[in-house]
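Trainee: Would you be able to build a 3D model of this:
(chains A and B)
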Amino acid sequence: MNLLKISIANLKEKKLNSFLSALLLTLGIGMISLLLLLNKQLDEQFRRNIKGIDLVVGAKGSPLQLILSSIYQIDAPTGNVPLSEVNSLRKNPFVKTVIPLSMGDSYQGFRIVGTTPKYTEHFQAKVAQGHLYNASMEVTIGSKVARNTGLKIGDTFSSSHGLDSEGDVHGDRKYVVKGIFEPNGSVVDQLILTRLSSIWDIHEHAEENHEAEKHTLGPEHEDEDKQVTSALVQFRNPMGLMTIPRQINENTSMQAALPSIEINRLFSLLGVGIETLRALALVIIIIAGASVFISLYNSLKERKYEMALMLSMGATRTKLFLMLLLEGLMLAIIGFVAGIVLSRVGLWLFSRAAEQDFHYSVRQFGILPEEIYLFFAALFIGLLAAALPSLGIYKLNISRTLAEE
Amino acid sequence: MITGTNLRFAYSAQKKFSFPDIKCKNGETLLILGQSGKGKTTLLHLLALLLKPDSGEIMIAGTSANNLSNSQLAQVRAKNIGIVYQRPHFVSSLSVLDNMLLSNYLGDQKPDKAKATALAEQLGFADHLSKKPSRLSQGEQQRVSIARSLMNNPNIILADEPTSNLDDNNCQRVIELLKTQSASIGASLVVVTHDQRLKDVFSNQVFL
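Mentor: So this is what the prediction gives:
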């Protein structure tokens, strides 16, 4: 027999009331925790892939679309630009590296990206098995691609035109898998990387079937009439940021998009929704607090005689007060734990959907530091909601209460 | 052993009581009879240290209860006094057994499950120990509350109208139990009632 046991018995006695209070807390905590998890992991994903990329150039259009398609590989590309224009950027003294990208084909929904070895260097992708592609039509695939498609080293496959798995198949030329990257959490995990020339070859082959192949072995930057989809640019120093974007936008057929600005814009667009959800979650938590308050207040009115009885049996008022606080506290803990579990289930569902649609996964189920604050906030609400009605215990007139009934 | 001398208590200027002196030695019984409004419950609450008298003195087991702090009063009460109320009340969320053990817990005693079961056997509700009190009949509930009042081996048992809601059979049984149980632990038994059925069962009587 102890206070905890009595509190638990009291909670069980009022099953529905306790359930409602805990459920509301669960929903509120679950929503906030899910938002925290998503926010953190999306932010991480976005920032990780953006790191070191100062500028993206591509065909004119929506700058956000250009960033999403070139860095994150989640939107359609804006179009093509001449490789010569991209390469002329290299002459600018502020520019450190230019990584051209050529996209447009896919295999089972995974994008095939033609690029230079700088791309893998930039994302610090290491080859786990086999080796990096080094000739046209050779590919090295990301870990997630390998897992989901079952492709192994030495396998061959035909790409399909377009970025979904429904496109026309380029059946006459097959890619061969030469290596598989280690998983490193960047966009490379979900890509099939190859030389720029592979993409050109495939499309040339499709369009000009009878023309002899000329470009297979030539160094990529010599192909002046070639086109690429976009290019990732790194500056030597921040001064580049001041002049280059304007130059590009005014003097070339390309547009320049700054990833940091576009991503901030995207987040501020999403932010409105996130803020609304967060406010809603807070309201739910406050309602949960009110529910704890009301159910304890009501049950205290009913249990007034019980309290007087326990006082007459030798209980101190503080002991009974603690007993009531314990009830609020337990509801808060139950609500918190269930909320955390709920948010993980939510995250898992979200991740499954995101993986299907975008090949991105958000799968860190650990406890965030913010959730520790959330725990204390839940305890505080539970305590406060229990303490307010329970203070009446200190004013209870034992004799009158016992005599009245 | 409990005594009350020159006890006076006033709820307001109009509603005030002065009580005759009360004395009940260990192992003895005392019946306090009075009609409604004569201050029976007030007297019982004074004796149970739930109310503080305006004047007069209460001695519990040889010590004066005057000048004790509230927490000391609660301790003295938990240790020395078992109370049986007119309507049996329990902590409704706890089982019959836990309600009995509760008086050990609140009186800072070790939970004595053996005593609880033994009492339940004697008072005839051993089958109901794991049930919630609200599922028992009035007579059974009153027996449970008698058993509860005995859990800490009190020096004094105070009963407030213990039989007024019971039929003759149960009345007889409850009073017998109160007398035999208090005699068996050598406690003073003070019964406050207007129930005329009890007149012939007690030799020591005080009229309010």
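Trainee: And the residue of chain A closest to chain B?
Mentor: residue A:314 (2.5 Å; Cβ to the nearest Cβ). C-beta: built from backbone N, CA, C; applies to glycine.
Trainee: What is the burial count for residue A:250?
Mentor: Using other Cβ atoms under 10 Å in any protein chain shown, residue A:250 has 8 neighbouring residues.
Trainee: go on, residue B:117?
Mentor: Residue B:117, neighbours per other Cβ under 10 Å, totals 14.
Trainee: if we can go back for a sec, need the contact list for the residue of chain A closest to chain B.
Mentor: B:74-75, B:77-79, B:103, B:106-108 (Cβ atoms under 8 Å, 6 or more residues apart in numbering or on different chains).
Trainee: SS state for the closest residue to residue A:392 other than its chain neighbours?
Mentor: Nearest residue to residue A:392, sequence neighbours excluded (Cβ to Cβ, 6 or more residues apart in numbering or on different chains): residue A:300, at 6.4 Å. Per DSSP: H, G, I helix; E, B strand; the rest coil, the local secondary structure of residue A:300 is helix.
Trainee: got a pLDDT number for residue A:300?
Mentor: For residue A:300, the pLDDT comes out at 82.
Trainee: ok, the residue lying closest to residue A:315 once chain neighbours are set aside to residue A:313 distance?
Mentor: Leaving out its chain neighbours, the residue that sits closest to residue A:315 by Cβ to Cβ, 6+ apart is residue B:106, at 4.6 Å. For residue B:106, the distance to residue A:313 equals 4 Å [Cβ to Cβ, to the nearest Å].
Trainee: Repeat that for residue A:140.
Mentor: Residue A:140 sits 78 Å away from residue A:313, taking Cβ to Cβ as the criterion.
Trainee: Check residue A:398 too.
Mentor: On the measure of Cβ to Cβ, residue A:398 and residue A:313 end up 10 Å apart.
Trainee: quick one: the helices in the stretch 1-150 of chain A?
Mentor: A:3-13, A:15-50, A:63-67, A:83-88, A:117-122, A:143-149 (DSSP state H, counting those that start in this stretch).
Trainee: near chain B at all, the first one?
Mentor: I take that to be helix A:3-13. Yes - using Cβ under 8 Å from any Cβ of the partner chain, helix A:3-13 reaches chain B at A:5-6, A:9-10, A:12-13.
Trainee: Ranking by neighbours, what's the top pick from the residues you listed?
Mentor: Counting by other Cβ under 10 Å, top hit in the residues of helix A:3-13 next to chain B: residue A:6 with 25 neighbours.
Trainee: Surely that residue touches residue A:322?
Mentor: No - if you go by Cβ atoms under 8 Å, residue A:6 and residue A:322 don't touch, sitting 10.4 Å apart.
Trainee: Find residues that contact each of these two.
Mentor: Counting by Cβ under 8 Å, 6+ apart, nothing touches both residue A:6 and residue A:322.
Trainee: Number of residues surrounding residue 40?
Mentor: With no chain named, the answer covers chain A. 15.
Trainee: could you do chain B instead?
Mentor: Close neighbours of residue B:40, defined as other Cβ under 10 Å, add up to 22.
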